[in-house]
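Enquirer: sequence below, structure please.
(chains A and B)
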Protein chains: 2
Amino acid sequence: MELFAVPGLPEIRDGDDLAAMIDERVDLREGDVVVVASTVVSKAEGRTFDLSDFPASERAEAVADRLAEIAGEEKDPRFAQAVIEESTELIMEAPFLLTATRFGHIGVNAGIDQSNVPDGDLLLLPERPSESAARIREGIAADRVVVSDTCGRPFRHGQRGVAIGWAGLPASRDWRGERDRDGREMGVTVQNVIDELASAANLVAGEGDGGTPVVVVRDWEFGDHDGSDNHFREVEGDFVRQALRQWTFDD
Amino acid sequence: MELFAVPGLPEIRDGDDLAAMIDERVDLREGDVVVVASTVVSKAEGRTFDLSDFPASERAEAVADRLAEIAGEEKDPRFAQAVIEESTELIMEAPFLLTATRFGHIGVNAGIDQSNVPDGDLLLLPERPSESAARIREGIAADRVVVSDTCGRPFRHGQRGVAIGWAGLPASRDWRGERDRDGREMGVTVQNVIDELASAANLVAGEGDGGTPVVVVRDWEFGDHDGSDNHFREVEGDFVRQALRQWTFDD
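Expert: Numbers count the residues shown, from 1 in each chain, chains lettered A, B, ... in the order given. Okay, the predicted model is just below:
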């Protein structure tokens, strides 16, 4: 398996044909997996906004006030409003906003980026990242596309790459019922390969000081396994989400 | 960046010199990262046990009874005893055991494997995986070693590779204060590269039906960044762990 960044991509703007820009810069093969950072997908899809696009509701004012009190610094209620509008549920409101996005991803601030937005204040995640992946796939010579993001997680420090959209491959390899070389049932039952591909790509994407948002994974085979497209947990069965719903931050 | 599995490793037994077995099968370079599955580290370190090694305490009986009631099938209290002995805290006792291991990793059943153990009933995780990584590093031509495991996580389906031990590289790249090519501060602040390396390796390790537990990552550079060895969160600051402590499963 080999990974390399697509070279020479310019800053991506609203309306850019990202697929064509990728396809003309690298000689893609059908079996390649193309991992595209959500930031450039969002930019091409016009997901850049200004804070003034999100007039704060009372709810957003209350959320921002609480966060400001904890942080000891001003928090813009319009940012809280943007997070609320992007989310189906605020799972934690303090000491930071952890929400479920409309497409099922759980992350801090609904994945809204404030630090890498040349044409506005906010960069929202793609509305439907798997549909974005499918559109990119139509325009390139490779058959498999993952849209990635980076985010933190419970129990472990730091951020890592994760998949938020995918097309042309299942989310997971399902090993259930398969046996190892000695005939014993496999320990790993469902391997989430799209998250692993996003993590692998992030190791390479990082090299370019943010300038290499698209990574090609070559010579990686899904293999002869059952596939599953279960990726984001539903609230039923997600005990951590249930526990967080009942929990209140006590500062 | 290139990844390939170390070919031809036999079943690993207690006392095997894993480093020598790796080093003689592949022409390692100094800059390679060698990712070793915890299963083979544990086997070489004699971490295979029988259930009879763990006579059940009253606590273990109670834990197993509760799990049996939920699952509707017998649960061996000696397995619960093994999990308790490997852990500093049972974070969840139902509907499954989520614990913090002695070295700080949080996982289901303290990472104890029951499905891939030729010489016993149970395979425990290495006692101190970073010390294991350091020992392997001493015996191979490569300079960087990660000991990996696979486990599930909140919010997202499936398992993915994670690092539980490491030597010769920091756990994370710290981008704080660094700027992208347009002078804007980076969105990702701390990138946990050892987890990403473990995930990448797991994509390749999976190919061999469990027969390729060691993967070489070649031509990957940590780069000119600050490093951090923070990896497992402490309970202070881990709000999910705090929330789970207060939560009770209601079946």
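
Enquirer: pLDDT (mean, whole number) over stretch A:226-245?
Expert: Average pLDDT, stretch A:226-245: 92.

Enquirer: what's the answer for stretch A:190-199, then?
Expert: Taken as a whole, stretch A:190-199 has a mean pLDDT of 97.

Enquirer: buried set for it?
Expert: A:V190, A:Q191, A:N192, A:V193, A:I194, A:D195, A:E196, A:L197, A:A198, A:S199 (16 or more other CB atoms under 10 Å in any protein chain shown). Every C-beta, even on glycine, is put in place using the N, C-alpha and C of the backbone.

Enquirer: now render those residues as CSV, adding secondary structure.
Expert: Formatted as CSV, those follow (DSSP: H, G, I helix; E, B strand; the rest coil):
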residue, secondary structure
A:V190, strand
A:Q191, strand
A:N192, strand
A:V193, helix
A:I194, helix
A:D195, helix
A:E196, helix
A:L197, helix
A:A198, helix
A:S199, helix
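
Enquirer: now those residues in a markdown table, with distance to chain B?
Expert: Supplementary listing: these in a markdown table, determined by distance: CB to the nearest CB, whole Å:
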| residue | distance to chain B |
| --- | --- |
| A:V190 | 4 |
| A:Q191 | 6 |
| A:N192 | 3 |
| A:V193 | 6 |
| A:I194 | 9 |
| A:D195 | 5 |
| A:E196 | 4 |
| A:L197 | 7 |
| A:A198 | 8 |
| A:S199 | 4 |
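
Enquirer: domains in chain A, as residue ranges please.
Expert: A:1-47+A:129-231, A:48-124 (automatic domain parsing).

Enquirer: so which of these is the most surrounded?
Expert: Ranked by mean neighbour count, the domains of chain A are led by domain A:1-47+A:129-231 with a mean of 20 (mean count of other CB atoms under 10 Å in any protein chain shown).

Enquirer: the residue nearest the centre of chain A pairs with what?
Expert: By CA atoms, centre = their mean, chain A has its centre lying nearest to A:D149, at 3.2 Å. Note on A:D149: beta-bridge partners by DSSP bridges are A:V162.

Enquirer: got a list of what it touches?
Expert: Neighbour list for A:D149: A:A37, A:S38, A:H105, A:G107, A:G111, A:L125, A:G161, A:V162, A:I164, A:A198 [criterion: CB atoms under 8 Å, 6 or more residues apart in numbering or on different chains].

Enquirer: helices or strands next to the lowest-mean-pLDDT helix or strand in chain A in the packing?
Expert: In chain A, no helix or strand scores lower on mean pLDDT, DSSP states H and E than helix A:239-246, which sits at a mean of 90. Packing partners of helix A:239-246 (3 or more CB pairs under 8 Å, 6 or more residues apart in numbering or on different chains; DSSP states H and E): strand A:87-92, helix B:239-246.

Enquirer: now the ones you listed as JSON lines including distance to A:V33?
Expert: Formatted as JSON lines, the helices and strands packed on helix A:239-246 follow (distance: least, CB to CB, whole Å):
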{"stretch": "strand A:87-92", "distance to A:V33": "29"}
{"stretch": "helix B:239-246", "distance to A:V33": "30"}
